[in-house]
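Participant: This is the structure alone, sequence omitted:
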C-alpha cells in the first residue's frame, strides 16, 4: 500500500508543481510567455528531482503511466500492481490540479481551452516520450545514482526543445486538460497526445527487444 500512496502523492505533487508554477509564472510575467515558460520549466525540473530522489526508494517514483507500463512489460511489476500504480497516478494527477486551483483561489473545476493540436505536436510528444524512456533506461543501467538528476534535467530542457513542451506522461496530459491555465491542453487534443505517448512506448519496447 505504501507504494501506491507514494505514486499518488508523487504524481499529485508533480501536477501541483507544474500547474502552480504555470499560474504563478503567468501572473508575474505580465504577458511574456518566455518568462512564464522559464519559471514553469525550472520549477518542474527542481520538483522532479526532489520527488524522484525521495520516492524512488519507496515505489520507484514512476509517477508516469508509460514508465509503469514499461516496468510491467519488463516484469518488475505484476499486472495487479501495475493497475494500482496507474490508478494512483491518474487520480493523483487530477488531485494535484484541483488542489492547485484551490490554493490560487481559482474555480476548482475547469476545462482547458489551450489548443495543442496537429502533426507537429504529436511528433513532438512521440519524441519526448522516447527521449524520456531512453534516458531512464540508460541512466538506470549505467549511472543509477544520477537518474533523478538526469530525468529532471531532461524534462527541463524538453520544455524548450519540443513544440509540445514535453508532456511525455499520459496522467499529466489528462490532468492538464482540467486546468484552463498556462499549462492546459484542450480536451479535444488529449487523444492525440496519448496516442503519440503510447506509440513511443511501443516503439521503445520493440527496440529494446529486437535491437540488442
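Facilitator: Sure thing, it's come through. Treat the numbers as computed from the prediction; the structure is a model and nothing was measured. Numbers count the residues shown, from 1 in each chain.

Participant: use CA for all of it now, contacts and neighbours both
Facilitator: Noted.

Participant: Do a quick rundown of the helices in this structure.
Facilitator: 2-29, 33-59, 65-74, 79-103, 119-142, 147-161, 170-176, 187-210 (DSSP state H).

Participant: contacting residues for residue 56?
Facilitator: residue 62 (Cα atoms under 8 Å, 6 or more residues apart in numbering).

Participant: For the protein, give me the ranges with low pLDDT.
Facilitator: Scanning the chain for pLDDT under 70 picks out the ranges 212.

Participant: residue contacts, the residue nearest to the spatial centre of the chain?
Facilitator: Computing the C-alpha centroid of the chain and ranking residues by Cα atoms, centre = their mean puts residue 169 first, at 4.0 Å. Going by Cα under 8 Å, 6+ apart, residue 169 touches 64, 65, 66, 129, 197.

Participant: Surely the last one and residue 168 touch.
Facilitator: Yes. With contact defined as Cα atoms under 8 Å, residue 197 reaches residue 168; the gap is 6.2 Å.

Participant: Quick check: neighbours shared by these two?
Facilitator: 125, 126, 129.

Participant: which non-adjacent residue is nearest the second one?
Facilitator: The shortest distance from residue 126 to any non-neighbouring residue, by Cα to Cα, 6 or more residues apart in numbering, is to residue 196 (4.7 Å).

Participant: Next, the buried residues of stretch 145-159.
Facilitator: For stretch 145-159, burial by neighbour count (16 or more other Cα atoms under 10 Å) applies to 147-159.

Participant: Let me fix that, I meant to ask about stretch 2-18.
Facilitator: 3-18.

Participant: Mind picking the two most distant members of the residues you listed?
Facilitator: Greatest spatial distance among those (Cα to Cα): 3 and 18, at 22.4 Å.

Participant: now the end-to-end length of stretch 98-113.
Facilitator: 17 Å (Cα to Cα, to the nearest Å).

Participant: circling back to that earlier point, turn the shared contacts of residue 197 and residue 168 into JSON lines, columns for distance to residue 79 and neighbour count.
Facilitator: Converted to JSON lines, the shared contacts of residue 197 and residue 168 look like this (distance: Cα to Cα, whole Å; neighbours: other Cα atoms under 10 Å):
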{"residue": "125", "distance to residue 79": "26", "neighbour count": "29"}
{"residue": "126", "distance to residue 79": "25", "neighbour count": "25"}
{"residue": "129", "distance to residue 79": "22", "neighbour count": "26"}
